[in-house]
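Undergrad: Sequence and computational prediction follow.
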Amino acid sequence: MPAASRSRRSRSTEPATAESSPAAPAIPAEPAAPARRYHHGALPDALLAAAETVLRRDGIAGLGLRAIAREAGVSHTAPKHHFGDTTGLLSSLAAVGFHRLADAMRTSAPEGADASARRNAIGRAYVHFAHGNPALFGLMFRTEKIDMLHPVLGAAAAEAMRVMASIIGGTPRLPDSPPTSLSNAEAMQMTSAWGYVHGLAVLLIDHRLRGILKLAPGFDDPLALVDAALDEVRFGLELEPRD
């Protein structure tokens, strides 16, 4: 065989290099993320945690069963299997919020504190919870998204009401159960106190107090203004005497 022929054959059998081949090198496929596996009893908690993540990131408008399932890394049918529908899942998430709120208010009141100190501590805990958890706090009061007759949510809200009931009366301890009845005076007192702290919470998380801060530079931020109001301004619990 002529030398030139042998040379051409030798070159044709050499493996192509990056310079000699126009084809781009193959990019290895990204390994699939390992599927998350949950014990059957842990999946509801995982879904609630995922729902809270979606709520914080995307707001109430982003709370859909598919988005929550995707965040949890489970089948899109899993939330429906455990919670029935979107309302059921969001009601359960709102219940988580009420439990946390009740715990925050309960642990805020100094042991054996008098009624005034306990009232101020509980009011402060209520507002600080809202400030620290604005998305969850908002969901807890969005009646078009949740069902207050849902058993889990109803029990959690009643627990928070039990703690709030301690703002009326003179006993230094929390009642053992939610009040089953209130006098007219107690109903007005609780409504006044709840309206006061809830209104402050909404003004705070909706950023409605910055205009007042510009006129009163003695406060560092809106939360400091609200804290001062809780310390210095009465809740309106004293009833006007009647003739």
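TA: Perfect, I can see it now.

Undergrad: From what I see, residue 138 and residue 56 are in contact.
TA: No - under the criterion of Cβ atoms under 8 Å, residue 138 is not in contact with residue 56, lying 11.0 Å apart. For every residue, glycine as well, the C-beta is placed using N, CA and C.

Undergrad: and stretch 63-71, how far out from the chain's middle?
TA: 16 Å (Cα atoms, centre = their mean, to the nearest Å).

Undergrad: buried residues in that stretch?
TA: The neighbour-count check on stretch 63-71 (16 or more other Cβ atoms under 10 Å) flags 63, 64, 65, 67, 68, 69, 71 as buried.

Undergrad: now, which of the residues you listed sits nearest residue 188?
TA: Closest approach to residue 188 among the buried residues of stretch 63-71 (Cβ to Cβ): residue 63, at 35.8 Å.

Undergrad: Helices along this protein, start to end?
TA: Under the criterion DSSP state H, the chain contains helices at 3-12, 43-58, 65-72, 78-83, 86-108, 115-132, 134-140, 151-164, 184-205, 210-215, 222-232.

Undergrad: re the thing from before, neighbour-wise, which of residue 138 and residue 56 wins?
TA: Set residue 138 next to residue 56 and count neighbours by other Cβ atoms under 10 Å: residue 138 wins out with 19 against 13.

Undergrad: Leaving out the residues flanking it, which one is nearest to that one?
TA: Residue nearest to residue 138 in three dimensions, not counting chain neighbours: residue 60, with 6.6 Å by Cβ to Cβ, 6 or more residues apart in numbering.

Undergrad: dump the residue contacts of the residue most central in space within the chain.
TA: Geometric centre of the chain, nearest residue: residue 136, 2.9 Å, by Cα atoms, centre = their mean. By Cβ atoms under 8 Å, 6 or more residues apart in numbering, the contact list for residue 136 reads 52, 55, 56, 93, 94, 96, 97, 100.

Undergrad: do that again at 6 Å, thanks
TA: Residue 136 makes contact with residue 97 under the criterion Cβ atoms under 6 Å, 6 or more residues apart in numbering.

Undergrad: gap between it and residue 226?
TA: Computed as Cβ to Cβ, to the nearest Å, the residue 136 to residue 226 distance reads 19 Å.

Undergrad: again with residue 43
TA: 39 Å.

Undergrad: Who has more neighbours out of these two?
TA: Set residue 43 next to residue 226 and count neighbours by other Cβ under 10 Å: residue 226 wins out with 23 against 18.

Undergrad: contacting residues around that one?
TA: Contacts for residue 226 were tallied using Cβ under 6 Å, 6+ apart; they are 127, 200, 204.
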